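S.K.: Build me a structure from this.
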Amino acid sequence: MICRFDVLSENSRDPVTRQGYDNSWIILMLTDSYDYEQMCGSSDGGAYTIKLSRSQYKNWKMAVGDFIDFSKANGKNAILVMSDEDLKAAESHYKGHRYNEPFLRDDEPSVLIHSTPMNNWDKIKCDGMLKSWNKLKSEKVIAEERPIGTWLGDPMDFSDYIMFGSGTTGEIVVNSKQQGRIVMDTNAEYLTGARLYFDAKRMAEDGLLIRDGCHLKVRDMLPLKTYLIWAATWETIGLASQMSTPKIFSELADKQFQQIYRNSL
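M.R.: All right, here's what the predicted structure looks like:
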């Protein structure tokens, strides 16, 4: 079910059933904020919300289209908060596209990054495969009760996917797992893991790349042999020890990746 509202107050009741939001609900809200391009999360018992700034994010129409297409394909209860005029503009712009179309768009990165703790990296190498949290949980590989993302309000089905990011995002997740709480400080010391660089173009061409309006992700599993380009660890980038900060580790790793692979991508 997909519903549209001109405005919606952010509280713990959904406007359709007038009950508290359950985990099946997700909201996309179009704003005119100058503070961000995209922002996502949930608070105060409300549904997971993706906010897109029309003034700052030039590809908001494609994001709205991906959100709708992904939600329909996966049976999500979705709420659009935008004018009917903006919705029609997005739908017109999106014609001919799909959330899982098998090619990279002009604005999408050719390389996607996923970070993982060092002990997980050892297991990933043995498997030859990167797996989602729910896949690992079903195989009884992990004992933790819930993924770190649920602390930010991520819906449970997010754990069906391998998520990718850029900058310090993945390193913040690794540090937060170590600390058992969300740590957003990019200068906080932590034990670095592996920063994995994947071929996004090939992932898209093979039909694996999924767009939900905010994230680029892959469902369940991703083979290393086919898609992994390079793995950065503290040793491969020349750090003196495994201890570093998200900012230093991500910047050094990205710089070395560009030096090694810039002529082959």
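
S.K.: The closest residue to Thr150 other than its chain neighbours: neighbour count?
M.R.: Residue nearest to Thr150 in three dimensions, not counting chain neighbours: Met156, with 7.3 Å by Cβ to Cβ, 6 or more residues apart in numbering. (Glycine included, C-beta is placed from N, CA and C.) Met156: 14 surrounding residues under other Cβ atoms under 10 Å.

S.K.: How much space separates Met156 from Ala63?
M.R.: Here the criterion is Cβ to Cβ, to the nearest Å. By it, Met156 lies 23 Å from Ala63.

S.K.: Repeat that for Gly128.
M.R.: Computed as Cβ to Cβ, the Gly128 to Ala63 distance reads 33 Å.

S.K.: The two: which has the busier surroundings?
M.R.: Neighbours per residue (other Cβ under 10 Å) separate Gly128 from Ala63, with Ala63 holding more: 22 against 11.

S.K.: ok now do the more buried one, which residues does it touch?
M.R.: 28, 38, 50, 52, 57, 213-214 (Cβ atoms under 8 Å, 6 or more residues apart in numbering).

S.K.: A strand includes it, no?
M.R.: No: looking at Ala63 with DSSP: H, G, I helix; E, B strand; the rest coil, it is helix, so not inside a strand.

S.K.: For Ser110, grab the count of nearby residues.
M.R.: 13.

S.K.: In this structure Ile162 contacts Ser115, no?
M.R.: No: applying Cβ atoms under 8 Å as the test, Ile162 and Ser115 come out as separate, 11.4 Å apart.

S.K.: report the longest helix in this structure, please.
M.R.: Longest helix in the chain by number of residues (criterion: DSSP state H): helix 246-261.

S.K.: does Asn120 count as helix, strand or coil?
M.R.: Per three-state DSSP, the secondary structure class of Asn120 is helix.

S.K.: ok, the helix-or-strand element of the chain with minimal mean pLDDT: who's next to it in the sheet?
M.R.: For the chain, using mean pLDDT, DSSP states H and E, the weakest element among its helices and strands is strand 38-41, scoring a mean of 88. Sheet pairing of strand 38-41 (DSSP bridges) gives strand 48-53 (antiparallel).

S.K.: and Glu205, how far is that from Met62?
M.R.: 19 Å.

S.K.: who has more neighbours, the two?
M.R.: The residue with more neighbours, out of Glu205 and Met62, is Met62; 19 against 13, by other Cβ under 10 Å.

S.K.: Would you confirm that Ser42 contacts Gly149?
M.R.: No: using Cβ under 8 Å, Ser42 is not in contact with Gly149; the gap is 10.9 Å.
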